[in-house]
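Q: sequence unknown, structure follows:
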């Protein structure tokens, strides 16, 4: 199998989960996998390069010229877009649900739905069976009504410790595609 390189443009929880955690698990299973930055792209040849969440045209073109197979791991970026930029330059795509696949599928490309892999720091919740406890886990910048609804706790720190107190995480993207 070709080496797998997960290309990250920045460090956020989603890129860490989609890159570092997956590459680490692949390494533990004997695969040649690791995370790279755009600066390290020239060394990736005859590999599978997974662009996490986004890409730049010059990086896609360079990676193609170096005989890499290119995959976009869209994660949650599609809630902001009507189309995937440079879609036809990829050999394949990883979607998080069937709706993404239906909306953004391109003929003659390898596309798969892989539900979000999660973070190993999450542990089973401690909510008693039959109870429903909802919370928003995230920063105020991600939701304009953060903290405005006292019936919905807004957790802005110690996410992994706090998450086990709830069995439902409110995820809302504000904008036209809600």
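A: Done, it's in. None of these values were measured; they are calculated from a predicted model.
Q: Which strands or helices does the helix of greatest length in the chain pack on?
A: Using DSSP state H to define each element, the chain has its longest helix at helix 57-65. If you count contacts as 3 or more C-beta pairs under 8 Å, 6 or more residues apart in numbering; DSSP states H and E, helix 57-65 packs onto strand 48-52, strand 69-73. Bear in mind the C-beta positions are built from the backbone N, C-alpha and C, glycine included.
Q: for the last one, packing partners?
A: If contacts are counted by 3+ C-beta pairs under 8 Å, 6+ apart, strand 69-73 sits against strand 48-52, helix 57-65, strand 92-95.
Q: out of these, deepest packed?
A: Per residue and on average, the most neighbours among those fall to strand 48-52, with a mean of 25 (mean count of other C-beta atoms under 10 Å).
Q: Partner strands of it, with direction?
A: Next to strand 48-52 in the sheet, as set by DSSP bridges, lie strand 4-7 (parallel), strand 69-73 (parallel).
Q: With respect to burial, which of those strands scores highest?
A: Sort those by mean neighbour count, taking mean count of other C-beta under 10 Å, and strand 4-7 sits at the top with a mean of 24.
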